[in-house]
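Enquirer: Sharing a model prediction with you, sequence too.
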Amino acid sequence: MTKKTGSPGAGRRLRALAPRALAGRLRAYLDGESSFPILVLFALNAVDEFDSRTFDVLGPEIAKSFGVGVGVFGSITVLVLLLVPFVAVPVSWIADRWKRMPLAIAGAAAWGAFSLATGLAPILGLLILFRVGSGFGKVVNQPVHGALISEFYSPRARAKAFGIHSLANTAGAAVAAVLGGLIAQAFGWRAAFFALTVPTVAAIALAARLREPPRGRFELLETPAAPPLGQTIRRLWAIRSLRYQWIGLAYTAGSTLGIGVLVPFFLEQDFGVRPGLRGILLGTGTALSAVAVLVGTTVAQRKINERPSAGLRLLCWSGGAAGPALLVMAVAPPLAIVVVMLWTVMCIFAFVTPGLMSITAIVSPPEIRSSAFALAGLVALAGSGFSLIGFAIGNNVSMRLAIGVMAPIFMRGVLYFFKAATYLDDDVERLDPAHALKARSTAGEESVLLETKGLTVSYSGVRVLFGIDLEIRRGEVVALLGTNGAGKSTALNAISGIVEPDGGNVWFQGEPIVGESPEQTVRRGIVQVPGGRGVFPGLTVEENLRMGAFLIRRDRAVLQERLDDVLRLFPRLAERRGQRAGSLSGGERQMLTLAQSFLLRPTLLLIDELSIGLAPALVSELLEAVRAMNARGTTIVIVEQSVNIALNLASRAYFLEKGEVRFSGPTAELLRRRDLLRSVFLEGAGARAGRAAAPPRA
Amino acid sequence: MDIVVLGLVIGMANALLATGLVLIHKANRVINLAHGELGAFTVAMMLSLTRVAHLNYWLALLASLAGTAALAAMIERSVLRRLFRSPRLIMLIATIGVAQLVIVLRLVLPKPRTAGGQSILFGGGLQFPVPFHMKPVVFGRIVLGPAHFMALVAGPLLALGLFLFLRRSSYGIALRAAAENAPRAQLLGIPVRRVSTLAWVLAGLLSGVASVLLAPIIGFTATEAVGLPLLMRGLAAATVARMESVAVAFWVGLGLGVTDQVLFFWLHRSDLTDVVLFIVILAALVPRRARQARTVAAEESSWEMSDPVRPLPIEIASNRGWRALSRGALVGGLAVVAAGPFLLGASATFFVSTVFLVAAVAVSITVLTGWAGQMSIGQWALAGAGGVFGSKLVGSWGWPFWPSLVVAGALGMVLAVAIGLPALRLEGTELAVVTLGFAVVSASWLFDQDWFAGDGFMPKPEYLTTRWYYVAGLAFLAITVAATRALQRSRIGRNTIAVRDNPRQAASLGVGIVATKLTAFAISGAIAAAAGFLWAAGIGLADPSVFPPVRSLSIVAAVVIGGLGSVPGAVLGAFYMLGIPYFGARISPYIGLLSTGFGLLVLLIFLPGGLARMAQAGRDLLARAVTGIDPRRRVDSAPDAPEAAPDAPAAPEEVRA
């Protein structure tokens, strides 16, 4: 399973805090905040890790004394892990309502008792029961300790406190492996669990002296409230780099879990390594990996700061190295090589994990960040199915084959992480507060309504948009110009969600909307008027209008008011209310299309080819309607092939060619750019623009 | 008058079935071939709940309808939604897979048992539960029971409700809007997918109610052959209504019920129902021309699933190692096939022989569908015509065997052209309706007629022992494949494909569309009928029971699984379709339907190229390993790859982008 780890630069600081006046140093490290709470939580966390690691390391002995193989033993581990989320949700619910210190102590006491009971378990059934009980330790540690640390420490010191807290995992694991192994070798595995009660009682005694912190004392002006669970999951799933990381995590975490359980059995069965030596071997590995954690945090963080995708790729390559190491471990005959490979793999896992956590943190929106971590945990659990394959093979065929099978599963996961890396930079960008700030700009006219950055679209592998950057301010009319195939309509489709871009971002009112369906963007107030085929020919005009108002159908009064309004704008439609839309003329159809779109009172109207195939007189009528909409506050982006019409309406224009923006600026400036206009349109067309209401199409 | 009332009762059920079909066609632009199966499922569930679980009628009805609605919603969500952007023909084929799975689902429901513990497979109307009992009312020549009154009350109410829903409610209008212009509907915030689910739920309910109303009047069976006749009842009326108008479909359905009953009392024959429906379908289609494309033209024209097997580039094809390998494989394969009868036991030999013949029928579909873009879902009935008429020739009239084969083939040719004629001017899916009608009619009527059918047995010459029969089957398949390959390379083949891909352009280049399509029909019919003749000779039977319409659907599924448009794919598909039930019969009696239905859907959704495409991927890998040249790269950079390659129709369109 993944481990929480320290903040950037923790290595240097850790070295500083090791000697002499620990508490004082710690206090300084925590920006002067009290060090006692974190020491208590550290102790509680370490003892819990102690317990579960001891169980893993002594697996072969425990399994033997109950007469079961690695298959059953591994299944117990998986079962305990699988129960955690089912208990974790109610526990976190309780933690949000009751006092948390008593909860933490009760949890510790409970799993302490279960840990003692593990040592006493007479039969397999009870052993399983006790392990599930002690699994509650993890349940309390994750949500309750997390919440407690957030209350004890201010945001500035919080990351460091989290770092110290998660070092308890490594420390507990290392001590458990060595000490547990030695005790077991000397007195039997049951004695190791009896011995555990001593530190547990000590930790509880310490915890009893800690007072409950007041709730929410640092959260006065923080992030918005978290949305309900369903919406949270949908929002997180829409972040592609996160999505692929999760899929990859199911593979890697599943195989890692399998290896964790298999290795002690492998050492015991194939090399006859007794618990003492095994503890020392694994303990050394854990100690080495503690170093790797600290190094990993620093190195990966530096790379991530440079460029997130570079950081993730670094982690992928290092993670990928674990695959061959596992294979070597599975085939190597001498113990020495196996052990070296084992340490390598442990170090790699430890090196990679903190970096991945921090990448999850930078792509998930702050108000749902903890959900992102919780869901990542769930996904990792879903992958435990893979470990069961390993246990079954280990049980029935051989340990070597089982470990060998885990390697490709692990590598498959790594490939998903590589895929995640391709989307990572875009996804980091989408959360950049700069875009939200632009949208919230108080300078009225200057506030940015729609922004795209690096928008890239391909149709079945053929790229048609190459990184388009647009910025549409509130209340503007902006024209998108260009020849056939320049990508104008595609840009609109990517904004409204008809096509899914393969790169880049779109922000609407400061919120990232890439990946949303047209139905979602319509609800946000983005309405697209498609070129040409905008009506439902078999429906009457009235029914067509009702469809335009589908989203506001429940509010009869508003509906009626807007219908009247639209029909005032297009009196011709009122005359033909009962007529089938298919029998309307081209101009009337286009009116109907506009009318449908106006009914929703869009914040942003995307108009695709308004004038296509229409007589000039009609076009000017339509243009009037569009102007009227704009006057009421609707921002308009209009795609046109006819420069004259576009420039007549728009104050600013983007000129696209072959999927790239070639010009952007005030329309007057575009008219001076003869080179652009001439390259695409017939000469002279631009010169007349701006005078005639609707001259012939260029 | 009395008869008209009875006709109205039956017509009510027809009408409801028809409106459901129209509804789904509105939502998905597809003729739902599983429509009848949904109704049959409701009936089977009713029977299980009332006669096995002894539930109250209304509770059982509620549960059955809810079950059917849920099933319909599931179908829409898991199948149709995934094929949302696919061509209509693909969706049509997908509904075949759905139909097969629904059949299996229905057959595994617990059936009521007799006192002796036997499952009741057939039952008259009186055995079907009714909600209340009343003294039958005698009205003229007929006796009206509770079932009749229920139909007369429930039918009109439901129809009225549906009509109001479509005209007045927002979701009803949205359904019509989404059918006409789905992208625009989405842009207006209409939940297009939810609307489509809703259409399926409604249609499932309509089919369910209609079938439950019908069952106490015409009886029920628990065999495979229930859904298609039910479908036919709705299909005829829906076809007259052009799949567009709910109201027309409703009234025509009613009218058909009355006509059916009048004919029944007039002629005293009960086997004419399907004939009437078939004639109505033909009559409705003949005068119609291809509709002016009112919806998106692209949706209808591009139908092909994906490019069939691609030829290897010339560098590889002429590579010495590769040539040695492919020749070796060919010789080895031939040797294995030739040695088949000596390696296999008698029953396995016979089984493989029948696979050869079914494969030939599958190839005939490939000619029609893969090349001409026309869908026949009644091909097994054409094979049946060959077999049944053959039994008349050989068995009753004592004609010699081989000349009879030729005559049977000629009959198939004539029949195929006759069936194809009305659909000539139409898009592929309409031919599907006609051929389906033919399949149902031939099983329920034609194959029972004395002037057409023999005594049900099909003798074969003494010298055709199992081994020689194997040789005959193999030879027939080999000749068929060789002939179709030669044909594909000939002018006829090129014309056929040209007409499929772009009829207008083909016509403007002087290719006669009508003649080309008719040629394809004729060839396809001849192959099917001749293969059916040989097949029947093998099993020794030639009656409706061995040529059921459901089988036609399975063969279509086999062709698609193999890879639509590819000749080796058709053969592969036939092996898949027959092989799994042959080897897996012990696992489940329904494994055949299950494997074809399920395989069909999986392939359509995930691997639209079929088995042939997978084989091609394997071949490419092998070719690369042997020659070191990457076949894909070459073909992509050289689109004008050698034209001579057998299985590469020109300009394959990538549909599922």
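Expert: That came through, no problem.

Enquirer: Show me chain A divided up by domain.
Expert: When chain A is parsed with automatic domain parsing, its domains come out as A:8-222, A:235-275+A:291-431, A:440-688.

Enquirer: Mean pLDDT and mean neighbour count for these - can I get that in TSV?
Expert: Placement of C-beta: from N, CA and C, glycine included. Converted to TSV, the domains of chain A look like this (pLDDT from 0 to 100; neighbours: other CB atoms under 10 Å in any protein chain shown):
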stretch	mean pLDDT	mean neighbour count
domain A:8-222	73	19
domain A:235-275+A:291-431	81	21
domain A:440-688	83	19
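
Enquirer: Closest approach to chain A from chain B, which residue is it?
Expert: Closest residue of chain B to chain A, CB to the nearest CB: B:Gly189 (3.6 Å).

Enquirer: I figured that residue hits A:Arg523, correct?
Expert: Yes. Between B:Gly189 and A:Arg523 a contact is recorded at 6.4 Å, counting by CB atoms under 8 Å.

Enquirer: got any residues that touch both of those two?
Expert: Residues touching both B:Gly189 and A:Arg523 by CB atoms under 8 Å, 6 or more residues apart in numbering or on different chains: A:Leu551.

Enquirer: Could you list the residues of chain A in contact with chain B?
Expert: A:459-460, A:496, A:498, A:517-519, A:522-523, A:527-528, A:530, A:533-539, A:543-544, A:546-548, A:550-551, A:553, A:582, A:596-597, A:600 (CB under 8 Å from any CB of the partner chain).

Enquirer: who's in contact with the closest residue to A:Leu124 other than its chain neighbours?
Expert: In space, A:Leu124 comes closest to A:Phe66 once its chain neighbours are excluded; the distance is 4.7 Å by CB to CB, 6 or more residues apart in numbering or on different chains. Counting by CB under 8 Å, 6+ apart, A:Phe66 makes contact with A:Ile123, A:Leu124, A:Leu127.

Enquirer: Now, those that are in helices?
Expert: A:Leu124, A:Leu127 (DSSP state H).

Enquirer: Switch the contacts of A:Phe66 over to JSON lines; also include distance to A:Leu375.
Expert: Below are the contacts of A:Phe66 laid out as JSON lines (distance: CB to CB, whole Å):
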{"residue": "A:Ile123", "distance to A:Leu375": "37"}
{"residue": "A:Leu124", "distance to A:Leu375": "33"}
{"residue": "A:Leu127", "distance to A:Leu375": "31"}
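
Enquirer: closest to A:Ala205 among the contacts of A:Phe66?
Expert: Distance to A:Ala205 across the contacts of A:Phe66 (CB to CB) is lowest for A:Leu127, with 28.0 Å.

Enquirer: Please look at that closest one and A:Gly119 and confirm they touch.
Expert: No. Under the criterion of CB under 8 Å, A:Leu127 is not in contact with A:Gly119, lying 10.1 Å apart.

Enquirer: Okay, and A:Leu606 sits in which element?
Expert: strand A:604-608 (DSSP states H and E).

Enquirer: got the CA coordinates for whatever helix or strand comes next after that strand in PDB?
Expert: Next helix or strand after strand A:604-608 toward the C-terminus (DSSP H and E): helix A:616-631. The C-alpha trace of helix A:616-631 is given here as PDB (Å, rounded to 0.1, in the frame of the first residue of the first chain):
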ATOM      1  CA  PRO A 616     -28.400  39.600 -47.800                       C
ATOM      2  CA  ALA A 617     -31.700  41.100 -46.700                       C
ATOM      3  CA  LEU A 618     -32.300  38.200 -44.500                       C
ATOM      4  CA  VAL A 619     -28.800  38.200 -43.100                       C
ATOM      5  CA  SER A 620     -29.200  41.800 -42.000                       C
ATOM      6  CA  GLU A 621     -32.400  40.900 -40.100                       C
ATOM      7  CA  LEU A 622     -30.600  38.100 -38.400                       C
ATOM      8  CA  LEU A 623     -27.700  40.300 -37.500                       C
ATOM      9  CA  GLU A 624     -30.000  42.800 -35.900                       C
ATOM     10  CA  ALA A 625     -31.300  40.000 -33.700                       C
ATOM     11  CA  VAL A 626     -27.800  39.000 -32.700                       C
ATOM     12  CA  ARG A 627     -27.000  42.600 -31.900                       C
ATOM     13  CA  ALA A 628     -30.100  42.800 -29.700                       C
ATOM     14  CA  MET A 629     -29.000  39.700 -27.800                       C
ATOM     15  CA  ASN A 630     -25.600  41.200 -27.300                       C
ATOM     16  CA  ALA A 631     -27.100  44.400 -26.100                       C
END
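
Enquirer: So for residue 600, what's the nearest residue that isn't a sequence neighbour?
Expert: All of this is about chain A. Nearest residue to A:Leu600 in three dimensions, chain neighbours excluded: A:Val527, at 5.3 Å (CB to CB, 6+ apart).

Enquirer: nope, chain B
Expert: B:Gly97 (3.5 Å).

Enquirer: I'd say the one you found and B:Leu604 touch.
Expert: Yes. B:Gly97 is in contact with B:Leu604 according to CB under 8 Å; the separation is 7.0 Å.

Enquirer: more neighbours, those two?
Expert: B:Gly97 (29 against 26; other CB atoms under 10 Å in any protein chain shown).

Enquirer: contacting residues for the residue of the stretch 401-550 of chain A found nearest chain B?
Expert: Chain B sits closest to A:Val522 of the stretch 401-550 of chain A, with a gap of 3.6 Å, by CB to the nearest CB. With contact set as CB under 8 Å, 6+ apart, A:Val522 has these partners: A:Ser496, A:Leu551, A:Leu600, B:Leu187, B:Leu188, B:Gly189.

Enquirer: Reformat these as TSV; add distance to A:Tyr654.
Expert: Output for the contacts of A:Val522, formatted as TSV (distance: CB to CB, whole Å):
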residue	distance to A:Tyr654
A:Ser496	17
A:Leu551	29
A:Leu600	25
B:Leu187	22
B:Leu188	26
B:Gly189	27
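
Enquirer: now, among the residues you listed, which is nearest to B:Arg233?
Expert: Ranked by distance to B:Arg233 (CB to CB), the contacts of A:Val522 are led by B:Leu188 at 36.6 Å.

Enquirer: ok, the closest one - contacts?
Expert: By CB under 8 Å, 6+ apart, the contact set of B:Leu188 is A:Val522, A:Val527, A:Met547, A:Gly548, A:Phe550, A:Leu551, A:Gln596, A:Ser597, A:Leu600.

Enquirer: hey, C-alpha coordinates of stretch A:318-336 in CSV?
Expert: Taking Å, rounded to 0.1, in the frame of the first residue of the first chain, the C-alpha atoms of stretch A:318-336 are listed here in CSV:
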residue,chain,number,x,y,z
SER,A,318,12.2,4.7,-11.7
GLY,A,319,9.1,2.7,-11.0
GLY,A,320,9.6,0.9,-14.3
ALA,A,321,13.0,-0.3,-13.0
ALA,A,322,11.2,-2.3,-10.3
GLY,A,323,9.8,-4.6,-13.0
PRO,A,324,13.1,-6.1,-14.1
ALA,A,325,14.3,-6.2,-10.5
LEU,A,326,11.3,-8.3,-9.6
LEU,A,327,11.9,-10.6,-12.6
VAL,A,328,15.6,-11.0,-11.5
MET,A,329,14.4,-11.7,-8.0
ALA,A,330,12.0,-14.4,-9.3
VAL,A,331,14.7,-16.3,-11.2
ALA,A,332,18.0,-15.6,-9.3
PRO,A,333,19.3,-18.7,-7.6
PRO,A,334,21.5,-17.2,-4.8
LEU,A,335,20.0,-15.5,-1.8
ALA,A,336,22.3,-12.5,-2.0
